[in-house]
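Student: What follows is a predicted structure for the sequence shown.
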Amino acid sequence: MAQRNYPVNSPCRLVLQEVYITEEELGVLMANNRHTSLDQELHAEDSISIFSLVGGG
């Protein structure tokens, strides 16, 4: 788990860009333990969880 600080009202999309996860690789995005969208704005003390797609056979 890593902590990062972003300006208030930054979209979740910004976080994904900074950790080099594309929309195509994104499996599940959660903010404060609830499913959310890439355009969700982050507020003070928010936490997000990013789960990328897992490939394999």
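Tutor: Sure thing, it's come through.

Student: Same question for stretch 14-25: list its buried residues.
Tutor: Of all the residues in stretch 14-25, those buried under the rule 16 or more other CB atoms under 10 Å are 15-16, 21. Bear in mind the C-beta positions are built from the backbone N, C-alpha and C, glycine included.

Student: Show me those residues that map onto helices.
Tutor: The helices in this structure, assigned by DSSP state H, contain 15-16 from the buried residues of stretch 14-25.

Student: Turn the buried residues of stretch 14-25 into a markdown table, columns for distance to residue 53 and pLDDT.
Tutor: Formatted as a markdown table, the entries for these read as follows, by distance: CB to CB, whole Å; pLDDT from 0 to 100:
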| residue | distance to residue 53 | pLDDT |
| --- | --- | --- |
| 15 | 17 | 91 |
| 16 | 13 | 92 |
| 21 | 10 | 91 |
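
Student: Looking at the buried residues of stretch 14-25, spot the one nearest residue 49.
Tutor: For the buried residues of stretch 14-25, the minimum distance to residue 49 (CB to CB) is 10.7 Å, reached by residue 15.

Student: low pLDDT regions in this structure?
Tutor: In the predicted model, the chain carries pLDDT under 70 at residues 1, 56-57.

Student: what do you get if the cut-off is 80, keeping everything else the same?
Tutor: Across the chain, the stretches falling below the confidence threshold (pLDDT under 80) are 1-2, 55-57.

Student: And the strands in it, which stretches?
Tutor: Using DSSP state E, the strands found in the chain span residues 26-31, 34-35, 48-52.

Student: Of all those strands, which one is nearest residue 2?
Tutor: Go through those one by one with CB to CB and the one that ends up closest to residue 2 is strand 48-52, at 10.5 Å.

Student: now the angle from the closest one to strand 26-31?
Tutor: Between strand 48-52 and strand 26-31, the angle comes out at 170 degrees (axes from the mean of the first three to the mean of the last three CA atoms, to 10 degrees).

Student: All set, thanks.
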